[in-house]
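Trainee: this is the structure alone, sequence omitted:
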């Protein structure tokens, strides 16, 4: 049996996390080699005197991190960690498709997908495709079963009292933002919508606004104070405001209860529709989640969510929750544009949600991402001239270099690319031409790569950041 150390049953650290730590150490220290089978969950549980579920949870953590490789119908084996971590990553040769092979892509927005296609996932898709497909789309708002499951999910996860009739299925967040904007009309005699946006903010929202010819009104988000509500309240002519109150994207601040009340009071006075992007509320990382703005003012706030962070953006499935007159506008716009999500996919996801599989998958991912976040915090702690932000929630972080500007930022991104690591420059989140006082910084995700690859990338990242930091 592998020597795993002693499990401390009096510790506040859960047994499955202690076990995962012991197994991880055994792999990293070379006490078990790549390709070697680990004991079955039943055998290891019996040897350690713990519940089999404890071992299953530990194996799931390590599989998600890349240390273990489950083999369908066979034994779970140890990944060949030493071969992957022996050297610093370097740029790879471009393939014929124009992509670079072997890059570590840390651009934010990519969750981990290893292990997603488990028995529950495969079963849901198998049953959804077992019968003849529907002859046509009966309801452009989405499959009633999926909308009902989304409503129940939001009740459990976000405390919302939502009915299926208030839910519209979308092809992810971008489609939801597009639909919400197309459903609104400019007030008065204006011919163009005026929409407030966070600056910095989600770049795809910038592109959608430009594509639709909408007048964007950037409002500053400060590193230390979050959304500038004084600046918000000076605007008297906005039709809508797009906001990420739970975990600002990308700086990581959130609106507390007082700020939320103030924002909604302003929106009520000025008759502004608030579009709330609740993009990563499933991963609060220990801090108590605040209720969505929609819960406080359902008639005025349009809630947008998706399965992109819990599953993958490749699923292309999300939702809008909207009530009252605003909700009627959203449903009319959806009917005009038609439903963009396959009904077969919706049937599969409805089954996946209804049986609790999404909740179990999200719980596993929370454990994995907590570990990766801890790796980040430990690695960046005390690094001179470098500050790590946005780690109180979600799946990304921002590394800042105070006293350095965009020239240094471009150089950092280029140097990392030379080492085979792809990140996003913080300046790419700023509305073009808008004033900003942000220092140089990079935005990167930590959910998609295995922990082994992530540690490798962090080491290279810190080398580059130290070289550019002002000490």
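Mentor: Arrived safely, thanks for sending. Source: prediction; values computed, not measured.

Trainee: how about the strands in the stretch 201-350 of the chain?
Mentor: Assigned by DSSP state E, counting those that start in this stretch, the stretch 201-350 of the chain shows strands spanning 215-222, 226-227, 240-243, 273-277, 301-306, 318-321.

Trainee: report the strands that pair with the first one, each with its relative direction.
Mentor: Based on DSSP bridges, the strands next to strand 215-222 in the sheet, each with its direction, are strand 194-199 (parallel), strand 226-227 (antiparallel).

Trainee: show me the contacts for the most centrally placed residue in the chain.
Mentor: Centroid check for the chain by CA atoms, centre = their mean gives residue 309 as the closest residue, at 3.8 Å. Going by CB atoms under 8 Å, 6 or more residues apart in numbering, residue 309 touches 111, 279, 280, 282, 283, 394, 395. Just so you know, the C-beta spots here come from the backbone N, C-alpha and C atoms, and that holds for glycine as well.

Trainee: for these, give me JSON lines that also has neighbour count.
Mentor: Formatted as JSON lines, those follow (neighbours: other CB atoms under 10 Å):
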{"residue": "111", "neighbour count": "22"}
{"residue": "279", "neighbour count": "21"}
{"residue": "280", "neighbour count": "25"}
{"residue": "282", "neighbour count": "24"}
{"residue": "283", "neighbour count": "20"}
{"residue": "394", "neighbour count": "28"}
{"residue": "395", "neighbour count": "24"}
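
Trainee: circling back to that earlier point, could you dump the strands paired with strand 215-222 into JSON lines with mean neighbour count and mean pLDDT added?
Mentor: Formatted as JSON lines, those follow (neighbours: other CB atoms under 10 Å; pLDDT from 0 to 100):
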{"stretch": "strand 194-199", "mean neighbour count": "23", "mean pLDDT": "98"}
{"stretch": "strand 226-227", "mean neighbour count": "22", "mean pLDDT": "95"}
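
Trainee: residue 237 is nearest to which of the ones you listed?
Mentor: Evaluated with CB to CB, the strands paired with strand 215-222 place strand 194-199 nearest to residue 237, the distance being 5.9 Å.

Trainee: got the angle between the closest one and strand 273-277?
Mentor: 30 degrees (axes from the mean of the first three to the mean of the last three CA atoms, to 10 degrees).

Trainee: now residue 333: how far from residue 162?
Mentor: Distance, residue 333 to residue 162, using CB to CB, to the nearest Å: 19 Å.

Trainee: so which of the two has more stuff around it?
Mentor: Taking neighbours as other CB atoms under 10 Å, residue 333 and residue 162 compare with residue 162 leading, 23 against 19.

Trainee: and the more buried one, what's its pLDDT?
Mentor: In this model, residue 162 is scored at 95, pLDDT.

Trainee: report the contact partners of it.
Mentor: Residue 162 touches 150, 151, 154, 155, 321, counting by CB under 8 Å, 6+ apart.

Trainee: if you set the cut-off to 7 Å instead, what comes out?
Mentor: Residue 162 makes contact with 151, 154, 155, 321, according to CB atoms under 7 Å, 6 or more residues apart in numbering.

Trainee: and it, that's in a strand?
Mentor: No: assigned with DSSP: H, G, I helix; E, B strand; the rest coil, residue 162 falls outside any strand and is coil.

Trainee: apart from its neighbours in sequence, what residue is nearest it?
Mentor: residue 151 (4.4 Å; CB to CB, 6 or more residues apart in numbering).

Trainee: phi, psi of the one you found?
Mentor: Torsion angles at residue 151 (phi, psi; degrees, to the nearest 10) stand at phi -60, psi -40.

Trainee: hang on, it packs against residue 158?
Mentor: No: the criterion here is CB atoms under 7 Å, and residue 151 misses it with residue 158 at 10.8 Å.

Trainee: show me the helices in the stretch 251-400 of the chain, by range?
Mentor: 257-270, 293-296, 324-337, 343-354, 357-380 (DSSP state H, counting those that start in this stretch).

Trainee: what angle sits between the last one and helix 343-354?
Mentor: When you say that, I think you mean helix 357-380. Angle between the axes of helix 357-380 and helix 343-354 is 80 degrees (criterion: the same axes, to 10 degrees).

Trainee: show me what helix 357-380 is packed up against.
Mentor: helix 52-65, helix 119-128, helix 451-468 (3 or more CB pairs under 7 Å, 6 or more residues apart in numbering; DSSP states H and E).

Trainee: which stretch among the strands paired with strand 215-222 comes nearest residue 346?
Mentor: strand 194-199 (29.3 Å).

Trainee: what residues does that closest one touch?
Mentor: Under CB under 7 Å, 6+ apart, the answer for strand 194-199 is 181, 205, 209, 214-221, 227, 232, 235, 237-244, 248, 430-431, 434, 436.

Trainee: what segments of the stretch 51-200 of the chain are helices?
Mentor: Assigned helices in the stretch 51-200 of the chain, in chain order: 52-65, 81-84, 119-128, 144-158, 173-183 (criterion: DSSP H, counting those that start in this stretch).
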